[in-house]
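Q: this one's structure only:
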C-alpha cells in the first residue's frame, strides 16, 4: 500500500520535472520601437529574419525564422502603440518592451506598400518534439476590428485568432495559442500571419508583437523516461521512511 501511494505521488512529479527541463522556451519580440528584455530575440521591420534564436537561458537553439516568397511585414513602420502593462496571461510571458510595439501587415496600400500576408519558415526544430506557440499583439486607441489570423503547419496544423484592437478584445493580456504541432521530418514548420475575416479596418491591419514557443517530447518518450526514474525515487523514499 505504501508503494502504491509512492507511485501515485512520484510519477506526476517526475513527469512535470522532465517536461519543464526539455521545453527550452524561446521568446521573440516583433518590433524595434522599444528594447526587448534579456534573452529575448528581436525581429524588426528592417531585419525580419532570425538566424539563430536563443532560449530564455541565453542558450543558442539553432532555430531560425526566414521570410518566404518576399511575404514580410511593412518594411519601414512599426506599431509603437501597444499596451505596456497587459493583463494575464501575456504579462506572465512578455516584458513591456515586447508588448508595447509590434510589426504589422495590411491588405491595402499603406506607406507606399501592400503586405497582405506574412509567411515564415521555421527551421532547426526537433522532429521528435511537439511544439506550442503563444502569440500576442495589442493596438491601443484603435478603431474597428483588427483580428489577426495565425496558422502553423508541419506534419499537422493549427490556427488561432486575436483581435489586437485594445477596446475590442476585452483583455489586453489575451493570447492566440496553437498547441501540439509536429514539425516535418526535416525539422521545419510554416508560420503565416494575415488579417482575419472579421477584420474591418480599411487597410485590414494585422499584427504580432510577441511570440513564445516551447517543445515537449512525444508523450510516449516522456512516460518512458519518467518510469525509468521511479525505482530510484521509490528506494530513496523507502530508505527515508525506514530511518524515522
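A: Arrived safely, thanks for sending. Small disclaimer: the values here were computed from a predicted structure and weren't measured.
Q: where does the most centrally placed residue in the chain land in three-state SS?
A: With distances taken as C-alpha atoms, centre = their mean, residue 212 lies nearest the centre of the chain, 2.6 Å away. Residue 212 falls in the strand class when you classify it by DSSP: H, G, I helix; E, B strand; the rest coil.
Q: excluding its backbone neighbours, what's nearest it?
A: Nearest residue to residue 212 in three dimensions, chain neighbours excluded: residue 134, at 4.4 Å (C-beta to C-beta, 6 or more residues apart in numbering). C-betas here are computed from N, CA, C, even on glycine.
Q: One more: residue 153?
A: With C-beta to C-beta, 6+ apart, the residue lying closest to residue 153 is residue 190, at 4.9 Å.
Q: Same question for residue 108.
A: That would be residue 203: by C-beta to C-beta, 6+ apart, it lies 4.6 Å from residue 108.
Q: can you pull the contacts of that neighbour?
A: By C-beta atoms under 8 Å, 6 or more residues apart in numbering, the contact list for residue 203 reads 106, 107, 108, 110.
Q: before we move on, what about residue 47?
A: With C-beta under 8 Å, 6+ apart, residue 47 has no contacts at all.
Q: Helix or strand: which one has it?
A: Using DSSP states H and E, residue 47 sits within no helix or strand.
Q: Would you map the helices across the protein?
A: For the chain, the helices defined by DSSP state H cover 2-22, 96-99, 166-169, 219-228, 230-242.
Q: next one: the second one to chain centre, how far?
A: Mean-position distance between helix 96-99 and its chain equals 14 Å (C-alpha atoms, centre = their mean, to the nearest Å).
Q: quick check: mean pLDDT across it?
A: When pLDDT is averaged along helix 96-99, the result is 94.
Q: by contact count, what packs against it?
A: strand 26-30 (3 or more C-beta pairs under 8 Å, 6 or more residues apart in numbering; DSSP states H and E).
Q: Would you give the sheet partners of the strand it packs on, along with the direction of each?
A: Using DSSP bridges, the strands paired with strand 26-30 are strand 41-43 (parallel), strand 210-217 (antiparallel).
Q: Could you check the longest one and say which residues are buried?
A: Spelled out, it's strand 210-217. Going by neighbour count (16 or more other C-beta atoms under 10 Å), the buried part of strand 210-217 is 210, 211, 212, 213, 214, 215, 216, 217.
Q: Now for the first one: which residues touch it?
A: In this case it means residue 210. 27-30, 90, 93-94, 98-99, 102, 135-137.
Q: mind listing the strands for the chain?
A: Secondary structure of the chain, counting by DSSP state E: strands at 26-30, 41-43, 64-67, 103-110, 113-115, 118-123, 129-136, 147-153, 157-163, 176-181, 189-195, 206-208, 210-217.
Q: what's next to the third one, contact-wise?
A: Think strand 64-67. By C-beta under 8 Å, 6+ apart, strand 64-67 touches 28, 43, 48-53, 118-124, 191.
Q: what mean pLDDT does stretch 29-37 have?
A: 85.
Q: and the end-to-end length of it?
A: 9 Å (C-alpha to C-alpha, to the nearest Å).
Q: again, but for stretch 185-194
A: End residues of stretch 185-194 are separated by 26 Å (C-alpha to C-alpha).
Q: returning to that earlier point: would TSV of the strands paired with strand 26-30 with mean pLDDT and distance to residue 147 be doable?
A: As requested, these are exported to TSV (pLDDT from 0 to 100; distance: least, C-beta to C-beta, whole Å):
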stretch	mean pLDDT	distance to residue 147
strand 41-43	97	22
strand 210-217	93	17
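Q: can you list the ones you listed in CSV and add distance to residue 77?
A: Shown next, in CSV, are the strands paired with strand 26-30 (distance: least, C-beta to C-beta, whole Å):
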stretch, distance to residue 77
strand 41-43, 15
strand 210-217, 18
